[in-house]
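Novice: Pasted the sequence and its predicted model underneath.
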Amino acid sequence: MSESITDEFANADLGDSRRTRRLCKVSLALNAAPTASISNACGGWADTMAAYRLLNSDDFSAADLLAPHAAKTLERCADQLCVVVAQDTTEFDFSHMKETQGLGPLNDEGRRDFFMHSLYAVSEQGLPLGLLDAKIINRDDASFRSTGKRKQMAIEDKESYRWVEGYRRTTQLAREIPGCEVFSVSDREGDIFEVYADWLEAKEHEQGAAEWIIRANQNRALVNVVDGDSDKLFSVLEAAAALGEIEFDVRAHSGTKKMDGKWVKTKRSAHRVQQVVRAMKITPRTPYRKGKRLKEVSFWAILAEEGNPAAGEEPVRWLLLTSKEVVTFDDARRIIELYLRRWDIEVFHRVLKTGCRVERIQLMSAEALIRAVTIYAVVAWRILYFTHLGRECPEMPCGCVFQDSEWKAACAVVKRPREKGEPSLEEMIRIVGKLGGHLGRKGDGMPGPQCIWQGLARVRDFAIAWDVYQV
């Protein structure tokens with residue numbers, strides 16, 4: 001890869017300019033070989049030891065590492081008409097690292113890890129713009145044992161408050177780029193009333209706020225329900241008038257789902273889904289909060305439900321809540337399409353964990369691991385960014401992304417004639433994908449992230465040989 005990833009770190013304030021230069025060098029090495037260990041990526045003893053010193057330094061935080069990338073993300077967002085900031089939390093399991101100090105408990109005290117709550121920005125068309133923030137949650141044993149008392153805790157003291165903080169950070173982005181429409185998008189965990197209250201307060205004070213789309217988790221009681229036998233959200237939406245239908249294909253999928261307190265296996269066949277779309281404006285009852293009273297908030301709800309699911313399978317069903325006005329079928333369809341951008345953050349987390357193999361990093365402290373994961377998070381974004389560019393900007397010269405030694409070596413390996421000159425970015429992406437296992441058949445389409453990260457490791461090795469032997 002080209003040195004452009006160093007631009008994401010070049011303005012880092014780590015207390016010493018030499019650390020910033022080392023950070024750029026380390027990020028370049030990790031970006032060139034995302035699947036390799038830190039020592040293999042760095043290449044030599046001196047560079048490896050320098051990378052370890054950087055990661056083990058106590059003179060800066062993971063937030064300091066991410067800050068320059070977040071600033072670049074803001075710049076990319078400012079060039080868009082609409083930005084989706086997807087929120088999600090992922091866990092990093094380092095239970096196998098018995099000697100690593102400072103790791104907190106997961107869902108039981110025998111598993112040690114930390115969580116990362118990411119704010120991942122993409123354009124409405126799916127261009128990865130970068131990480132707006134990445135909040136690290138490293139529990140201590142005392143707080144883990146007190147989670148059973150969370151109902152008595154103030155909302156600000158709960159781990160779930162990260163969703164409110166994420167919305168507030170997205171609202172800050174919306175105020176920084178007022179010419180852009182900004183949406184905060186989250187799954188069921190983000191269904192927290194304080195998000196709605198924040199949005200209402202900003203509207204009342206004309207301060208500007210991000211719009212939001214949240215998949216409903218709670219079957220909230222509603223006020224001012226005119227007709228019907230129930231005042232519950234799910235029942236009221238099911239009785240609303242249909243606006244229209246949408247169709248799309250789903251792939252076969254198997255997984256697990258928690259039902260009645262137990263995890264059960266689920267399976268879904270590949271088929272074409274037809275969903276009926278309904279929408280209406282709602283006003284939920286305000287929840288109780290000790291020591292304060294929340295205002296009523298009115299917003300819109302959309303129900304998209306599959307009418308004829310496959311035998312033995314649950315229907316594909318989404319109940320979405322949004323601050324954006326939904327009057328027509330086109331309004332509802334756009335909100336659904338924006339919500340589906342949330343899957344992009346799951347792809348990002350998969351690239352980070354599977355492609356960059358961060359759970360295999362071996363470092364002696366949780367703080368060093370967190371710093372390493374933060375750098376790799378930018379590497380994972382970069383992989384997705386140029387993969388998308390290869391699809392959206394296919395005629396771009398590949399030298400805008402790859403170094404000369406990389407594209408020349410890769411072309412030589414796949415026996416591409418030299419007289420053809422520098423390939424386009426699309427052609428180079430296909431070459432990298434081929435080296436990573438993509439078959440490239442007529443119906444295969446462009447390579448995905450997995451073939452890309454596997455191919456990048458091979459390209460890096462070829463480029464080293466190219467430079468050594470000056471082919």
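Specialist: Here it is on my side, so go on. Model, not experiment: these values are computed from the prediction.
Novice: List phi and psi for residue 184.
Specialist: Residue 184 adopts backbone torsions of phi -100, psi 120, taken as degrees, to the nearest 10.
Novice: and if you look at residue 241?
Specialist: Dihedral angles (degrees, to the nearest 10) for residue 241: phi -70, psi 140.
Novice: Please list all residues in contact with it.
Specialist: residue 278 (C-beta atoms under 8 Å, 6 or more residues apart in numbering). No exception for glycine: its C-beta is placed from N, CA and C like everyone else's.
Novice: Can you tell me how far it is from residue 276?
Specialist: Taking C-beta to C-beta, to the nearest Å as the measure, residue 241 falls 10 Å from residue 276.
Novice: what are the ranges of the helices in the stretch 201-350 of the chain?
Specialist: Under the criterion DSSP state H, counting those that start in this stretch, the stretch 201-350 of the chain carries helices at the ranges 233-238, 329-340, 343-350.
Novice: neighbours around residue 200, how many?
Specialist: Other residues near residue 200 come to 18 when the count uses other C-beta atoms under 10 Å.
Novice: how about stretch 435-449 as PDB, C-alpha atoms only?
Specialist: Output in PDB follows, covering the C-alpha atoms of stretch 435-449 (Å, rounded to 0.1, in the frame of the first residue of the first chain):
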ATOM      1  CA  LEU A 435      -3.400 -13.500  -5.100                       C
ATOM      2  CA  GLY A 436      -5.700 -13.700  -2.000                       C
ATOM      3  CA  GLY A 437      -7.800 -16.500  -3.400                       C
ATOM      4  CA  HIS A 438     -10.400 -14.800  -5.500                       C
ATOM      5  CA  LEU A 439     -11.200 -16.900  -8.500                       C
ATOM      6  CA  GLY A 440     -12.200 -14.000 -10.700                       C
ATOM      7  CA  ARG A 441     -14.800 -15.900 -12.700                       C
ATOM      8  CA  LYS A 442     -17.300 -14.100 -14.800                       C
ATOM      9  CA  GLY A 443     -20.000 -14.100 -12.200                       C
ATOM     10  CA  ASP A 444     -17.800 -13.600  -9.100                       C
ATOM     11  CA  GLY A 445     -17.700  -9.800  -9.100                       C
ATOM     12  CA  MET A 446     -15.000  -7.700  -7.400                       C
ATOM     13  CA  PRO A 447     -13.000  -9.300  -4.600                       C
ATOM     14  CA  GLY A 448     -14.200  -8.900  -1.100                       C
ATOM     15  CA  PRO A 449     -12.300  -7.700   2.000                       C
END
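Novice: and that stretch, which residues are buried?
Specialist: Buried residues in stretch 435-449, defined by neighbour count with 16 or more other C-beta atoms under 10 Å: 435-436, 438, 446-449.
Novice: ok, back up a step: need the helices of the stretch 201-350 of the chain in JSON lines with distance to residue 461, mean neighbour count and mean pLDDT, can you?
Specialist: Listed next are those as JSON lines, based on distance: least, C-beta to C-beta, whole Å; neighbours: other C-beta atoms under 10 Å; pLDDT from 0 to 100:
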{"stretch": "helix 233-238", "distance to residue 461": "55", "mean neighbour count": "18", "mean pLDDT": "91"}
{"stretch": "helix 329-340", "distance to residue 461": "37", "mean neighbour count": "18", "mean pLDDT": "96"}
{"stretch": "helix 343-350", "distance to residue 461": "24", "mean neighbour count": "18", "mean pLDDT": "94"}
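Novice: what's in contact with stretch 47-54?
Specialist: Around stretch 47-54, the neighbours that count as contacts under C-beta under 8 Å, 6+ apart are 19, 22-23, 25-26, 29, 38-39, 42, 363, 368, 371.
Novice: Quick check: the two most widely separated of these?
Specialist: Maximum pairwise distance in the contacts of stretch 47-54, criterion C-beta to C-beta, is 19.6 Å, between 19 and 39.
Novice: List the buried residues in stretch 373-385.
Specialist: Residues of stretch 373-385 classed as buried under the neighbour-count rule (16+ other C-beta under 10 Å) are 373-385.
Novice: My error: substitute stretch 298-306 in the last question.
Specialist: So, applying 16+ other C-beta under 10 Å, buried residues of stretch 298-306: 299-306.
Novice: So for that stretch, mean pLDDT?
Specialist: Averaging pLDDT along stretch 298-306 yields 94.
Novice: roughly how far apart are the most centrally placed residue in the chain and residue 454?
Specialist: The chain has residue 345 as the residue nearest its centroid, 2.5 Å off, counting by C-alpha atoms, centre = their mean. Residue 345 is 22 Å from residue 454, where distance means C-beta to C-beta.
Novice: Name the nearest residue to residue 26, sequence neighbours excluded.
Specialist: The shortest distance from residue 26 to any non-neighbouring residue, by C-beta to C-beta, 6 or more residues apart in numbering, is to residue 51 (4.8 Å).
Novice: tell me which element that neighbour is part of?
Specialist: Using DSSP states H and E, residue 51 sits in helix 45-55.
Novice: domains in the chain, as residue ranges please.
Specialist: 1-187+342-366, 216-330, 393-469 (automatic domain parsing).
Novice: about what we covered before: looking at residue 19 and residue 39 now, which is surrounded by more residues?
Specialist: residue 19 (19 against 15).
Novice: residue ranges with poor pLDDT in the stretch 101-250 of the chain?
Specialist: Low-confidence segments of the stretch 101-250 of the chain (pLDDT under 70): 106-110, 141-152, 225-230.
Novice: got the residue ranges for the strands in it?
Specialist: If DSSP state E, counting those that start in this stretch is used as the criterion, the strands of the stretch 101-250 of the chain fall at 104-105, 112-123, 128-137, 181-186, 211-215, 242-250.
Novice: quick one: residue 362 is in a helix?
Specialist: No - read with DSSP: H, G, I helix; E, B strand; the rest coil, residue 362 is coil and lies in no helix.
Novice: for the helices of the stretch 201-350 of the chain, which one sits closest to residue 124?
Specialist: The closest of the helices of the stretch 201-350 of the chain to residue 124 is helix 329-340. By C-beta to C-beta, the value is 6.9 Å.
Novice: contact partners of that closest one?
Specialist: Residues outside helix 329-340 that contact it (C-beta under 8 Å, 6+ apart): 82, 84, 124, 183, 185, 213, 215, 243-244, 246, 277, 279, 302, 304, 318, 320, 322, 324-326.
Novice: for stretch 24-41, same thing?
Specialist: By C-beta under 8 Å, 6+ apart, the surrounding residues in contact with stretch 24-41 are 1, 3, 5-6, 8-10, 42-43, 47-48, 50-52, 54, 355-357, 360-362, 372, 375-376, 378-380, 382-383, 453-454, 456-457, 460, 463.
Novice: Could you pull out the buried residues of that stretch?
Specialist: Neighbour-count burial for stretch 24-41, counted by 16+ other C-beta under 10 Å, picks out 24-36, 38, 41.
Novice: coming back round to it: which one of the domains of the chain lies nearest to residue 200?
Specialist: Residue 200 lies closest to domain 216-330 among the domains of the chain, at 4.7 Å (C-beta to C-beta).
Novice: Show the average pLDDT along the top helix by length along the chain.
Specialist: Across the chain, the helix with the greatest residue count (assigned by DSSP state H) is helix 366-392. Averaged over helix 366-392, pLDDT sits at 90.
Novice: Could you list every helix and strand that it packs against?
Specialist: helix 17-32, helix 45-55, helix 62-78, strand 112-123, strand 128-137, helix 343-350, helix 425-435, helix 449-469 (3 or more C-beta pairs under 8 Å, 6 or more residues apart in numbering; DSSP states H and E).
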